[in-house]
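Novice: just need the structure, nothing else, for what follows:
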Amino acid sequence: MNRRLLLLLPLAGFLVLAGFLYKGLFLDPRDIGSTMIGKPLPAFSLPSLEDPARSLSAEDFKGRPALLNVWATWCPTCKAEHEMLNRLAAQGVLVYGVNYKDNGDAARQWLDKLGNPYRANVEDPQGSLGINLGVYGAPETFLLDKDGIVRHKHVGAIDERVWREQLAPLYRELLDEAGL
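Specialist: Sure, this is the predicted structure:
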């Protein structure tokens with residue numbers, strides 16, 4: 001190689017690295033993606049939080065678009081978003097829950113005190129469903145289509161802005177696709 005080319009290689013390497021670092025400045029650190037997007041809920045059979053004698057499975061989450069909210073009583077952010085979930089449920093948004101790595105008795109008391117926005121709630125004390133969903137922590141919310149396919153994942157609390165700007169348009173689109 002000629003000498004001039006050898007001198008340009010470090011500069012080219014630096015420019016490539018700087019480009020990657022510059023792009024990273026504009027990425028959303030909360031957007032960790034999900035390997036579940038476009039895939040059905042994983043198969044599971046876990047007790048219902050409301051009725052532990054009843055088992056729930058992925059089949060129980062099919063039929064119409066819904067939010068699947070992963071929550072726990074030990075999670076302060078879950079408590080902060082709970083009022084919003086109650087409002088959404090009151091507006092007719094179908095919300096399911098996964099009570100993640102929690103105590104069932106404490107969770108039932110929490111729902112009795114703060115209201116229960118969930119049509120059904122999976123009790124996941126060991127976090128097996130959460131692991132299969134790729135949950136990093138609570139709260140996380142998955143948007144499901146009518147066939148139980150994960151179409152979107154939101155990490156963190158749902159508030160008015162998140163609902164209005166991110167989730168509501170996607171939810172309405174799924175309702176339209178389902179003919180509802």
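
Novice: let's test this: mean pLDDT of stretch 75-91, rounded?
Specialist: Mean pLDDT, stretch 75-91: 97.

Novice: tell me how far stretch 79-90 lies from the chain's centre.
Specialist: Centroid separation between stretch 79-90 and its chain, computed with CA atoms, centre = their mean, to the nearest Å, is 15 Å.

Novice: hang on, I meant stretch 116-130
Specialist: The answer for stretch 116-130 is 13 Å, by CA atoms, centre = their mean.

Novice: where does the residue nearest the centre of the chain sit: helix, strand or coil?
Specialist: Note on the chain: the residue nearest the mean C-alpha position is T141, at 2.5 Å, using CA atoms, centre = their mean. Classification of T141 by DSSP: H, G, I helix; E, B strand; the rest coil places it in strand.

Novice: looking at it, it is touching T77, isn't it?
Specialist: No: T141 is beyond contact range of T77, at 11.5 Å (criterion: CB atoms under 8 Å). (Glycine included, C-beta is placed from N, CA and C.)

Novice: re earlier: state the distance from the residue nearest to the centre of the chain to H82.
Specialist: 12 Å (CB to CB, to the nearest Å).

Novice: do the same with W71
Specialist: Counting by CB to CB, the gap from W71 to H82 is 8 Å.

Novice: more neighbours: these two, which one.
Specialist: W71 (27 against 22; other CB atoms under 10 Å).

Novice: tell me if I'm right that that one and A138 touch.
Specialist: Yes: using CB under 8 Å, W71 is in contact with A138, at 5.4 Å.

Novice: now the common contact residues for those two.
Specialist: C78, Y100 (CB atoms under 8 Å, 6 or more residues apart in numbering).

Novice: by average pLDDT, which secondary structure element in this structure comes out worst?
Specialist: Ranked by mean pLDDT, DSSP states H and E, the helix or strand of the chain with the weakest confidence is helix 3-24, at a mean of 63.

Novice: show me what the helix or strand following that one is packed up against.
Specialist: Sequence order places strand 45-47 as the next helix or strand after helix 3-24, per DSSP states H and E. With contacts taken as 3 or more CB pairs under 8 Å, 6 or more residues apart in numbering; DSSP states H and E, strand 45-47 sits against strand 55-57, strand 121-124.

Novice: excluding its backbone neighbours, what's nearest N69?
Specialist: Spatial nearest neighbour of N69, excluding adjacent residues (CB to CB, 6 or more residues apart in numbering): T141 at 4.8 Å.
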